[in-house]
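> Sequence plus predicted model, see below.
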Amino acid sequence: MNKSDPCSLYQQSEAFFYNELLKERHEAFMCLYKQTYQLCLPFALSKGSKQEEAEDLLQECLAIFVEKLRSGSYTFLEGAKITTYFYRIYINQWKKAIEHKVKRAEVQLQTESVVEQDEDEFYKPATSTSPFVAILRNEEGENQALPIDDAIYSDYDDDERAWIFRKLNRAFHLLAEDCQKVLNWFYVEDWSLRQIAEALNMTEASATGKRFKCAKYLKEKFRLA
Amino acid sequence: MELSEEMFNQIHAYLGGEGTVEERSAFEQQMNQSPALAREVATQKRIKSGLKINEYKTQFEGIHAQLKAEGSLPIVNTTLEKEVVGEEERNEKVLPTTSYRSLWRYVAAAASIIVVIGVGWWVYNSTDESPREMVAQDKKPQTNQNTTSEPGTTSPESDPLDTPATSTPSAQAPDLPDTQQLFADAFDSTPDISSPFANDNLGVSPGSVARWQSDTATLHAGIRLLQKGQGASALIQLEKAEKSTNKDIRDHAQWYIALTMLQGGQTGLVSQRLEQIALDTNHPYQERASILLRKLAAKP
């Protein structure tokens, strides 16, 4: 049961694709997933990442990217490819994931040497502060060096790495179901207190108290997770 | 800094863009003077964006499951991939559209052969059967695409493309035990699972849509495995789907778990499962479960 290619809708215009992503159209997300899967997975797999890890990282990076879209910290530039921008995010996060693993001694020294050995192929020194560039193939099929700008992550500090989101997710799922619901409505869905109170069938004052208690539990669990 | 409820509300009012320009700049001044408050604001901002990101990640996990279920995940040309992706799931993931169709052709051909052998066997043995048995057999549905298992309500016409779906359960092989025939009668490879969301998904949490998509994909994966006769693997998927927050998916999963047990010949467990379904007046399979229970009870 193969469905038609979701990307066929967006082949004509990158700006249209961007607008559809902004509207969070399911087809646009499907297309983005397919395109980035094809683009990013070979990179991670060729560097020795496991398929599951590479896919997990892809999904994490896509989530970060969508949040950037939603918050307006990424805006579309005419003539630019959305997936090229995304590829930089992926490489950057992959590099950070490796660094994090090395720090946690999950990866032996040979992994570090894998990164170093492959620098010539995928990275080369650019500046003293940002020593990496990505080599991407342009439309003419030529390799093109693009600096991996750490400023992409300017709105995330050093702690804001993919593993932090995992830690937060773990903490969230340690909460009781009713707290998960309240915090989901509050933090994710941006519900007003009145909406939360109605859903819980309680007064706004009681809902405020519950929201605060649950948020405190989450913060504590997050610290311990 | 011990976070008070009042402070928490103020932080979120600020993060939510509430308040006048004066009130907001006063709050910013407070932050400048209190590093602890600034840290708390940053923490709350991080939790908010982190939870949203996790919701989006769930949505992309759902998309991954959907593409995988459809067999339309792109092929990744890396030798390493072959080492890390194992078993038959990989086939579903990397098979391109054309190969998938070719595969169906082979399965359809194999199924046709089984049907021909089955029919031949039936013709060969038909003279030994009593007229009553022959009528009973004629009434049995010949396809699994029907949404009901009641005798006599099915159309004799079946789509040739659907032959693979009917091959395992409904080919009337000579040594099929009764439970297998009951399974063949009850099994439907394409249950009707309707989306609980409006088409535009407006006002719906992306996480809810993603979870529903993911659960639906899991249910379909279980049904496909059951169709292939891989009961143990099917059960894993169906039990996952049974934990769905969506009642419709849970109900479907319960029915197919019962069918998995039926396929495995575990009649005692099947009856228990079916009784639970038959007792639930809102269960979409209530009537079918009751019919199947009666058939099982009548089984010698």
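Okay, I see it.

> and A:Ser8, how far is that from chain B?
According to Cβ to the nearest Cβ, to the nearest Å, A:Ser8 stands 12 Å off from chain B. Quick note: C-beta positions are derived from backbone N, CA and C, even for glycine.

> That residue should be in a strand, yeah?
No. Assigned with DSSP: H, G, I helix; E, B strand; the rest coil, A:Ser8 falls outside any strand and is helix.

> What pLDDT does the model give A:Thr208?
The model reports A:Thr208 with a pLDDT of 94.

> hang on, it packs against A:Leu193?
Yes. Counting by Cβ atoms under 8 Å, A:Leu193 is a contact partner of A:Thr208 at 5.9 Å.

> For B:Ile56, which non-adjacent residue is spatially closest?
Quick fix: residue B:56 is Tyr, not Ile. Distances taken as Cβ to Cβ, 6 or more residues apart in numbering or on different chains put A:Ala63 closest to B:Tyr56, at 3.6 Å, once the chain neighbours are dropped.

> What of B:Met31?
Ranked by Cβ to Cβ, 6+ apart and with sequence neighbours excluded, the top spatial neighbour of B:Met31 is B:Ala38, at 4.4 Å.

> Burial check on that neighbour, number of neighbours?
Other residues near B:Ala38 come to 15 when the count uses other Cβ atoms under 10 Å in any protein chain shown.

> Does it touch B:Phe27 like I think?
No. Counting by Cβ under 8 Å, B:Ala38 stays clear of B:Phe27, with 10.7 Å between them.

> next helix or strand past the helix or strand that B:Thr260 is a member of?
Assigned by DSSP states H and E, B:Thr260 belongs to helix B:247-263. Using DSSP H and E, the next helix or strand after helix B:247-263 towards the C-terminus is helix B:267-279.

> Downstream of that following helix, the next helix or strand is which one?
helix B:286-298.

> So which bits of that next one are buried?
B:286, B:288-289, B:291-293, B:295-296 (16 or more other Cβ atoms under 10 Å in any protein chain shown).

> for stretch A:199-211, same thing?
A:200, A:207-208, A:210-211.

> quick one: is that stretch near chain B?
Yes. Stretch A:199-211 reaches chain B (Cβ under 8 Å from any Cβ of the partner chain) through A:208-209.

> centre of the chain versus that stretch, how much separation?
What separates the centre of stretch A:199-211 from the centre of its chain is 33 Å, taken as Cα atoms, centre = their mean, to the nearest Å.

> Repeat that for stretch A:65-73.
10 Å.

> residues of it that come out buried?
Across stretch A:65-73, burial judged by 16+ other Cβ under 10 Å covers A:65-69.

> Could I get the full set of strands for the chain?
Picked chain A for this. A:133-137, A:143-147 (DSSP state E).

> low-confidence ranges in chain A?
Across chain A, the ranges flagged by pLDDT under 70 are A:1-3, A:104-163, A:224-225.

> Then chain B?
Filtered on pLDDT under 70, chain B yields the residue ranges B:1, B:77-177, B:197-210, B:213-214, B:300.

> So which elements touch the strand or helix carrying B:Gln10?
Secondary structure assignment for B:Gln10, by DSSP H and E: helix B:5-15. Using 3 or more Cβ pairs under 8 Å, 6 or more residues apart in numbering or on different chains; DSSP states H and E, the elements in contact with helix B:5-15 are helix A:204-224, helix B:21-33, helix B:35-70.

> So which residue is smack in the middle of chain A?
A:Cys61 (2.3 Å; Cα atoms, centre = their mean).

> doesn't A:Ile91 make contact with that one?
No. In this structure A:Cys61 lies outside contact range of A:Ile91 using Cβ under 8 Å: 9.5 Å.

> Just list the residues touching the closest residue to chain B within chain A, thanks.
Here chain A gets closest to chain B at one residue, A:Ala63, 3.6 Å apart by Cβ to the nearest Cβ. For A:Ala63, the contact set (Cβ atoms under 8 Å, 6 or more residues apart in numbering or on different chains) comprises A:165, B:53-57, B:59-60.

> cool, B:Pro284 as well?
Residues near B:Pro284 by Cβ under 8 Å, 6+ apart: B:248, B:251-252, B:255.

> ok, it to chain A distance?
Remark: distance between B:Pro284 and chain A (Cβ to the nearest Cβ) = 22 Å.

> now the residue of chain A most remote from its centre, nearest residue through space, not along the chain?
In terms of distance from the mean C-alpha position of chain A, A:Thr203 ranks first, at 37.0 Å (Cα atoms, centre = their mean). Nearest non-adjacent residue to A:Thr203, counting by Cβ to Cβ, 6+ apart: A:Ala197, 6.1 Å away.

> try A:Arg194
Of all residues not flanking A:Arg194 in the chain, A:Glu204 sits nearest, at 6.1 Å (Cβ to Cβ, 6+ apart).

> quick one: that neighbour and B:Ala221, what's the gap?
Separation of A:Glu204 from B:Ala221 (Cβ to Cβ, to the nearest Å): 44 Å.

> swap in A:Ala80?
Distance from A:Ala80 to B:Ala221, by Cβ to Cβ: 38 Å.

> ok, the two, which is more surrounded?
Comparing A:Ala80 with B:Ala221 by other Cβ under 10 Å, the one with more neighbours is B:Ala221, at 22 against 11.

> hang on, B:Asn9 packs against A:Thr208?
Yes. Under the criterion of Cβ under 8 Å, B:Asn9 makes contact with A:Thr208 at 7.1 Å.

> Report how many residues lie close to residue 33.
Assuming you mean chain A. A:Tyr33 is flanked by 23 other residues according to other Cβ under 10 Å.

> meant chain B, my bad for not saying
Residues lying near B:Gln33 (other Cβ under 10 Å) number 9.

> do the same with A:Ile164
18.

> which ones are touching it?
Residues in contact with A:Ile164 (Cβ under 8 Å, 6+ apart) are B:46, B:50.

> Let me have the buried residues of helix B:286-298 in JSON lines, adding distance to B:Thr179 as columns.
Below are the buried residues of helix B:286-298 laid out as JSON lines (distance: Cβ to Cβ, whole Å):
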{"residue": "B:Gln286", "distance to B:Thr179": "21"}
{"residue": "B:Arg288", "distance to B:Thr179": "16"}
{"residue": "B:Ala289", "distance to B:Thr179": "15"}
{"residue": "B:Ile291", "distance to B:Thr179": "15"}
{"residue": "B:Leu292", "distance to B:Thr179": "10"}
{"residue": "B:Leu293", "distance to B:Thr179": "13"}
{"residue": "B:Lys295", "distance to B:Thr179": "10"}
{"residue": "B:Leu296", "distance to B:Thr179": "8"}
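
> ok now do A:Ser49, which residues does it touch?
A:Ser49 touches A:57, A:94, counting by Cβ under 8 Å, 6+ apart.

> Number of residues surrounding the closest residue to A:Cys40 other than its chain neighbours?
Nearest residue to A:Cys40 in three dimensions, chain neighbours excluded: A:Tyr90, at 4.4 Å (Cβ to Cβ, 6+ apart). When counting by other Cβ under 10 Å, one arrives at 25 neighbours for A:Tyr90.

> so A:Tyr90 touches A:Leu57, yeah?
Yes. A:Tyr90 is in contact with A:Leu57 according to Cβ under 8 Å; the separation is 7.1 Å.

> Spit out the residues that contact the two alike.
Taking Cβ under 8 Å, 6+ apart as the contact rule, A:Tyr90 and A:Leu57 both touch A:Ala44.

> Among the contacts of B:Pro284, which one sits closest to A:Tyr187?
Nearest to A:Tyr187 among those, counting by Cβ to Cβ, is B:Asp248 at 28.0 Å.

> Alright, that wraps it up for me.
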